[in-house]
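In: just coords:
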């Protein structure tokens, strides 16, 4: 078994110096494999998407209450909500998503996404499977939510895309905001580049729940006391640390660490770069349309990054909401173990409806939707039968984890709007037609981005495939 991705061997002084340039929290440790990709083996799409935004609903969003409603099922399954008509004849969604109902002609629903019995039901495994397209290995069954990210993990699909795309002149290839789900050392696996190398890890932009208009990337933010002269001194300190580290350990990990530092300084020294992160440049009306919440402004930031040419942005739904955590008996996100219906109706759905509908509408109005792939997914669905035995059963009105079925939303990037793909049984428990796995969703993302060849070689020059399983859902593409 590979060791943890996060190494405790970086000293406190070096860590403080690194954090001054935004490197605190980045992963350290040996990268298992390189990114020597082979020549293309299949023709890519003629007009691949230029950028992608993955909106991950942390906690496990309820497919049966949002996208795959079963109004004719017994009440203990269908719950309290009713489906509503949309601008697409094929699509019916929850009555508490009225803004998205007006955008349905722009997006498609994939129902019946299942783990085929390969996952564990834990959040860690759900993140890993749906972010990488790879089924969790035995370590997830052994360790559950204590399973740490390992350097030999399969890479986040965004990291693969970032590695294959031409390098952006000013900005990182892959960006994560407004946080990294969970906390070190038990950070959710699947968010990182894993075996293709830490140099392809996402760049982190931090949001602020108390002040949703404030985003901080330490590499792009200096307080007033940090003058250019102090910046040079700080760089000299880091260079001295690196010399000492190289004398002790000239490994790929050190080279990657140095690469991250160089990226930090390059970003910090570029005035053109900082503008992409300045959300105050947006009009009050635009900010209001997305909503003055951390999730709303994160999607607005993602749209700005699309305009700036960033290939891949992942927005993780901010779970750090104490009100929702207490009410839903969860971590504050979509993990509605208790009070599922009131949590969705009063807290989660209104915010999601506003911000995601705004993103679709905004990209369309700016002429960017066709060239931008949007994907909404989660680590799992919710159990169709109401009542979680861990939270007072039926009386608690919660829904437990459910890996047998979930739904994802796809839009833009060549995806035809107003469609549904796949069908579930009468209770939304299992696929009934065209079952889909997370590997198929990942392959569809790669296809939309024009990446057909996933061949790579390891450090010994041996070829391997970054995702052998799955196939793109071609009927979704216009």
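Out: Noted; the coordinates are in hand. Predicted model only: the values in this text are computed from it and were never measured.
In: hey, let's count contacts and neighbours off CA atoms from now on
Out: Fine.
In: so where do the helices sit in the stretch 301-450 of the chain?
Out: Counting by DSSP state H, counting those that start in this stretch, the segments of the stretch 301-450 of the chain that form helices are 322-328, 340-343, 349-365, 393-396, 438-448.
In: Which of the ones you listed sits closest to residue 102?
Out: Closest to residue 102 of those, according to Cα to Cα: helix 349-365, at 8.2 Å.
In: quick one: buried residues of the closest one?
Out: Of the residues in helix 349-365, those with enough neighbours to count as buried (16 or more other Cα atoms under 10 Å) are 349, 351-364.
In: about what we covered before: save the helices of the stretch 301-450 of the chain as a markdown table, and put in distance to residue 299 and mean pLDDT too.
Out: Formatted as a markdown table, the helices of the stretch 301-450 of the chain follow (distance: least, Cα to Cα, whole Å; pLDDT from 0 to 100):
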| stretch | distance to residue 299 | mean pLDDT |
| --- | --- | --- |
| helix 322-328 | 20 | 93 |
| helix 340-343 | 21 | 97 |
| helix 349-365 | 7 | 98 |
| helix 393-396 | 32 | 94 |
| helix 438-448 | 19 | 98 |
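In: Quick one: closest of the ones you listed to residue 216.
Out: Nearest to residue 216, of all the helices of the stretch 301-450 of the chain, is helix 349-365, at 20.5 Å by Cα to Cα.
In: got the contact list for the closest one?
Out: 96-100, 103, 106, 289-291, 293, 295-296, 299-300, 303, 344, 369-370 (Cα atoms under 8 Å, 6 or more residues apart in numbering).
In: So residue 464, which state does it fall into?
Out: In terms of secondary structure, residue 464 is strand; the call rests on DSSP: H, G, I helix; E, B strand; the rest coil.
In: State the distance spanning the first to the last residue of stretch 470-478.
Out: From the first residue to the last, stretch 470-478 extends over 20 Å; the measure is Cα to Cα, to the nearest Å.
In: before we move on, the earlier item: using CSV, please lay out the helices of the stretch 301-450 of the chain together with distance to residue 152.
Out: Written out in CSV, the entries for the helices of the stretch 301-450 of the chain read as follows (distance: least, Cα to Cα, whole Å):
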stretch, distance to residue 152
helix 322-328, 33
helix 340-343, 37
helix 349-365, 34
helix 393-396, 40
helix 438-448, 18
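In: Restricted to helices, list the contacts of helix 349-365.
Out: Within those, membership in helices is found for 98-100, 289-290, 295-296, 299-300, 303, as judged by DSSP state H.
In: Am I right that residue 108 is in a strand?
Out: Yes. Remark: residue 108 belongs to a strand, assigned using three-state DSSP.
In: ok, it - how many residues close by?
Out: Summarising burial for residue 108: neighbours were counted as other Cα atoms under 10 Å, giving 25.
In: Same check on the one 10 residues further on?
Out: For residue 118, the count of nearby residues is 16 (other Cα under 10 Å).
In: What of residue 457?
Out: Using other Cα under 10 Å, residue 457 is surrounded by 18 other residues.
In: sorry, back to before: hmm, which two among the buried residues of helix 349-365 are most spread apart?
Out: 349 and 364 (22.1 Å).
In: got the contact list for stretch 177-186?
Out: By Cα under 8 Å, 6+ apart, the list of residues contacting stretch 177-186 from outside reads 6, 58, 145-149, 187-188, 191, 204-208, 215, 294-295, 298, 313-318.
In: still on that earlier bit, which of the contacts of helix 349-365 are buried? Put it as a PyMOL command.
Out: Selection of the buried residues among the contacts of helix 349-365 in PyMOL, burial being defined by 16+ other Cα under 10 Å:
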select buried, resi 96+97+98+99+100+103+106+289+290+291+293+295+296+299+300+303+344+369+370
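In: What confidence value was assigned to residue 19?
Out: Per-residue confidence at residue 19 stands at 32 (pLDDT).
In: again with residue 282
Out: According to the prediction, residue 282 has pLDDT 94.
In: Next one: residue 111 from residue 135, what distance?
Out: When Cα to Cα is the yardstick, residue 111 and residue 135 sit 19 Å from each other.
In: who's more crowded, the two?
Out: residue 111 (28 against 23).
In: Could you count how many residues lie near the closest residue to the more buried one other than its chain neighbours?
Out: Take residue 111 and drop its neighbours on the chain: the residue closest to it by Cα to Cα, 6 or more residues apart in numbering is residue 407, 4.5 Å away. A count of nearby residues for residue 407, using other Cα under 10 Å, gives 25.
In: who touches residue 407 in this structure?
Out: Counting by Cα under 8 Å, 6+ apart, the residues that residue 407 touches are 63, 67-68, 109-113, 377, 381.
In: Repeat the analysis, applying 10 Å as the threshold.
Out: Residues in contact with residue 407 (Cα atoms under 10 Å, 6 or more residues apart in numbering) are 61-64, 66-68, 109-114, 376-378, 380-381, 421-422, 436.
In: how close does it sit to residue 379?
Out: According to Cα to Cα, residue 407 and residue 379 sit 10 Å apart.
In: who touches both of the two?
Out: Common neighbours of residue 407 and residue 379 (criterion: Cα under 10 Å, 6+ apart): residue 61.
In: the helices in the stretch 101-250 of the chain, which residues?
Out: In the stretch 101-250 of the chain, the helices defined using DSSP H, counting those that start in this stretch lie at 123-132, 138-143, 157-164, 228-248.
In: Which of the ones you listed comes out lowest on mean pLDDT?
Out: helix 228-248 (a mean of 54).
In: Okay, buried residues for stretch 149-168 please.
Out: Of the residues in stretch 149-168, those with enough neighbours to count as buried (16+ other Cα under 10 Å) are 149-165.
In: and it, how far apart are its ends?
Out: Criterion Cα to Cα; first-to-last residue distance in stretch 149-168 is 27 Å.
In: Likewise for stretch 287-302?
Out: 13 Å.
In: Flag the shaky bits of the chain, pLDDT-wise.
Out: The model of the chain has pLDDT under 70 over residues 1-44, 218-274.
In: In the sheet, which residues pair with the residue nearest in space to the middle of it? Tell me.
Out: Among the residues of the chain, the one closest to the centroid is residue 314, at 3.9 Å (Cα atoms, centre = their mean). For residue 314, the residues forming beta bridges with it (DSSP bridges) are residue 54, residue 176.
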